[in-house]
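# pasting the sequence and the predicted coordinates here, then a few questions.
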Amino acid sequence: MNSSPSSVFAPDFAALTAGLGSLAAAFDIRWVEECASTNSALLNALPGNDGRAHVLVATWQRAGRGRRGRQWMAWPGASLTFSVLWRFAPGAHAPAGLSLAVGLALACALEKIGLPFVTLKWPNDVLVRGAKIAGILVEVSPEHGGALAAVIGIGLNLRLPADAAIPAQMVGVTDLARELAEAPARETLLAAILSELHPMLTAYASSGFGLMREAWQQRNAFVDLPVQVSGDGLDVTGVCLGVGEEGALLVRTGDNTHRVYAGDVSLRLAP
């Protein structure tokens with residue numbers, strides 16, 4: 001594990017290693033004070049394949065990215081932002097449903113630290129009481145021999161500034177400081193998330209999303225609710241049935257069921 005010295009936050013790698021326990025050797029973790037985007041940094045210089053998952057954490061992302069070309073809003077010290085490089089061998093189950101598996105691991109980690117009312121919004125948001133607390137961005141890069149390198153970006157709101165300017169389209173956000181009487185240290189949070197993510201990704205590579213589907217469905221924020229899916233040439237309004245075994249969103253319109261695959265689309269409650 002390596003780090004860059006930070007005047008804002010100096011990570012406690014001993015606590016992080018202790019939190020990971022036997023999984024500590026499965027990760028190579030680098031923590032920097034700031035960077036433009038942890039996803040971009042990993043994608044632009046993929047570490048060699050040494051059998052470990054490579055993690056890049058930034059105390060502040062100056063230009064973090066989200067889905068649909070949006071920016072991940074961040075302020076110094078206000079979020080836990082990091083990316084994980086996970087390599088899938090040729091023939092492994094990737095990338096369909098991958099963001100759902102990651103969301104499930106993140107939800108399980110937050111539940112274990114005592115966060116109540118955690119739900120999931122297809123395909124990449126984690127909500128608490130209906131407000132967004134974390135987001136996921138998965139980007140895949142092909143490698144030699146048919147292998148795939150998946151860079152998984154996670155942003156978790158810790159304590160948003162009181163004067164934070166939230167764009168109108170992003171209303172309905174929350175953070176750990178509002179939801180927990182005492183939020184864990186960042187190292188504890190990171191260790192909890194990585195400890196859930198490693199076995200989840202290992203199972204996903206072996207069996208795909210199907211075995212995780214029921215656990216995801218139990219946390220589906222929009223289950224049986226009227227929803228609207230739009231964008232990318234699509235405009236569907238119906239009842240959210242959940243997700244299929246391959247991770248597609250299922251929306252019932254009359255006697256038909258539409259299957260929506262992750263793309264440049266927006267899911268929201270119907271007016």
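Received the coordinates, thanks.
# C108 should be in a helix, yeah?
Yes. Per DSSP: H, G, I helix; E, B strand; the rest coil, C108 lies within a helix segment.
# so who does it touch?
E196, M200 (CB atoms under 8 Å, 6 or more residues apart in numbering). To be clear about C-beta, it is placed using only N, CA and C from the backbone, and glycine gets the same treatment.
# going by secondary structure, V140 is in what exactly?
When elements are assigned from DSSP states H and E, V140 belongs to strand 131-142.
# on contacts alone, who are the packing partners of that strand?
Taking 3 or more CB pairs under 8 Å, 6 or more residues apart in numbering; DSSP states H and E as contact, the helices and strands that strand 131-142 lies on are helix 38-44, helix 98-112, strand 125-128, strand 148-157.
# again, only using 6 Å
helix 98-112, strand 125-128, strand 148-157 (3 or more CB pairs under 6 Å, 6 or more residues apart in numbering; DSSP states H and E).
# mind checking pLDDT for the spatially closest residue to L249 that is not a sequence neighbour?
Once flanking residues are discounted, L249 sits nearest to V260: 4.2 Å by CB to CB, 6 or more residues apart in numbering. Note on V260: pLDDT of 92.
# mind checking how far V260 is from W122?
With distances taken as CB to CB, to the nearest Å, V260 is found 8 Å from W122.
# kindly report the same for F82.
Shown here: F82 relative to W122, a distance of 22 Å by CB to CB.
# got it, and L197?
Distance, L197 to W122, using CB to CB: 19 Å.
# tell me the secondary structure for V251?
Assignment for V251 (three-state DSSP): strand.
# my read: it touches L234, true?
No. Checked against CB atoms under 6 Å, the pair V251 and L234 is beyond contact range at 10.2 Å.
# more neighbours, the two?
Comparing V251 with L234 by neighbour count (other CB atoms under 10 Å), the higher total belongs to V251, at 23 against 13.
# quick one: the more buried one from P184, how far?
Distance from V251 to P184, by CB to CB: 37 Å.
# do the same with A78
16 Å.
# tally of neighbours for the residue nearest to L249?
20.
# okay, now the unreliable bits of the protein?
Along the chain, the model assigns pLDDT under 70 to residues 1-9, 64-73, 163-171, 262-263.
# grab the longest helix from it for me.
Across the chain, the longest stretch assigned as helix under DSSP state H is helix 186-207.
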